[in-house]
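> after the sequence you'll find the predicted model.
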Amino acid sequence: MAQTIEIGTLLVKAGTILPEGLLLEKGPYLKGWDLVKNLSSAGLDRKLCEVDWTFFYMAGEVNAMAFGSDLEKTTRVAVKKVIASMKSDGFNCLEISRVAVKSFLGLPCVSVAGHARHIQESIYLFQAKPISEWGQAQSAAA
């Protein structure tokens, strides 16, 4: 069955830790990445806020283009390129912001753009140590 990638589609890295009780209907899309079927980015943000988790949005759109006549396969290749171009490997989610089917020099192609997103419990993006350990580290340094 074909899985449609469109504006607002969310991909979540396999193994991403999610809060208890949050049921995401997911299906595999690319190796290591699942397609979220039951929630948009706004819906997921709302659900995460209800349980005091954070859904970070990173500015800066990542773009990629792939050539081919098979629309689904070409779209997958373009999405794979977007994921590969994300600046940090630490992000665990991708929100698709643009999908365009066009031709370039007579060759069919798909252009995909997306924004890196990150799901985590803390309000501090990529904190190195849990907050509970901060005091221990500061007193050890003194």
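Looks like it came in fine.

> can you tell me the closest non-neighbouring residue to V101?
Spatially, and ignoring its direct neighbours in sequence, V101 is nearest to V110 (5.5 Å; Cβ to Cβ, 6 or more residues apart in numbering). Just so you know, the C-beta spots here come from the backbone N, C-alpha and C atoms, and that holds for glycine as well.

> okay but the one you found is in contact with D70, surely?
No. With contact defined as Cβ atoms under 8 Å, V110 does not reach D70; the gap is 10.0 Å.

> quick check: neighbours shared by the two?
The overlap between the contact sets of V110 and D70 (Cβ atoms under 8 Å, 6 or more residues apart in numbering) is empty.

> what's the single longest strand in this structure?
In the chain, assigned by DSSP state E, the strand with the most residues is strand 107-120.

> could I get the buried residue list for it?
Of the residues in strand 107-120, C109, V110, S111, V112, A113, G114, H115, A116, R117, H118, I119, Q120 count as buried by neighbour count, 16 or more other Cβ atoms under 10 Å.

> mind putting these into CSV with pLDDT?
As requested, those are arranged in CSV below (pLDDT from 0 to 100):
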residue, pLDDT
C109, 94
V110, 95
S111, 95
V112, 96
A113, 96
G114, 95
H115, 93
A116, 92
R117, 92
H118, 91
I119, 91
Q120, 88
